[in-house]
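Novice: Have a look; sequence and predicted model below, questions after that.
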Amino acid sequence: AKLIGYDPAVHHTAPIWSRLHIKPVGLQELLAHSDAVSAQVMYASRYQGFVNDKLLAHCKPGQLWVSISRSQLFDAQALARALADGRIEACMLDGAEAGFASKGSPLHEAQNLYLTPRLGSHTRESRLRASWYVAHRIHETLAGPRPSTFDQLSSGLMGLGPGAHRASEPQFIIR
């Protein structure tokens with residue numbers, strides 16, 4: 001199997017690519033040549049509807065999509081069209097916000113959309129990362145200057161292990 005990936009926050013010459021045996025490519029190339037797409041994006045409102053008709057137009061027909069990101073990353077109308085016309089053979093999302101695939105949504109009747117109830121957050125690794133994050137925040141708060149309000153506490157992510165970084169854009173890993 002050949003792995004290709006896209007992450008605008010990681011330069012194409014960064015050692016992480018070779019260490020993971022992934023060839024870095026542009027997003028359009030990734031979508032045009034991939035059998036499966038794993039879309040993992042730290043969601044921010046600016047990414048609402050990021051996976052839209054314009055992006056999905058580059059999909060290789062019959063792709064499999066998997067994501068544990070927020071369902072708001074996907075434009076429901078565009079995803080419904082891609083599922084119906086075969087650009088996406090199946091899409092598996094770990095959870096969905098209210099109304100995403102409910103009655104009245106264009107995704108309600110999609111037979112090739114699979115939703116799970118946020119199971120990704122129940123893995124041993126995710127619980128361990130959350131515990132480390134809380135411990136780090138407690139240490140950061142106790143070791144630093146005392147804030148007068150909680151609003152002054154930084155809410156940035158901490159590095160949680162090798163390869164952790166602050167992603168400024170969506171990350172896609174393709175197989």
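Specialist: Sure thing, it's come through.
Novice: The residue lying closest to L27 once chain neighbours are set aside and S105, how far apart?
Specialist: Counting by CB to CB, 6 or more residues apart in numbering, L27 lies nearest to Y6, which is 4.8 Å off, once chain neighbours are set aside. (Glycine included, C-beta is placed from N, CA and C.) For Y6, the distance to S105 (CB to CB, to the nearest Å) stands at 28 Å.
Novice: quick one: which of those two has more around it?
Specialist: Y6 (24 against 15; other CB atoms under 10 Å).
Novice: What is the end-to-end distance of stretch 85-102?
Specialist: Its first and final residues considered, stretch 85-102 spans 21 Å by CA to CA, to the nearest Å.
Novice: Check which residues of it are buried.
Specialist: Neighbour-count burial for stretch 85-102 flags R87, I88, A90, C91, L93, D94, G95, A96, F100, A101 (criterion: 16 or more other CB atoms under 10 Å).
Novice: Among the residues you listed, which lie within strands?
Specialist: If you go by DSSP state E, these have I88, A90, C91, L93, D94 in strands.
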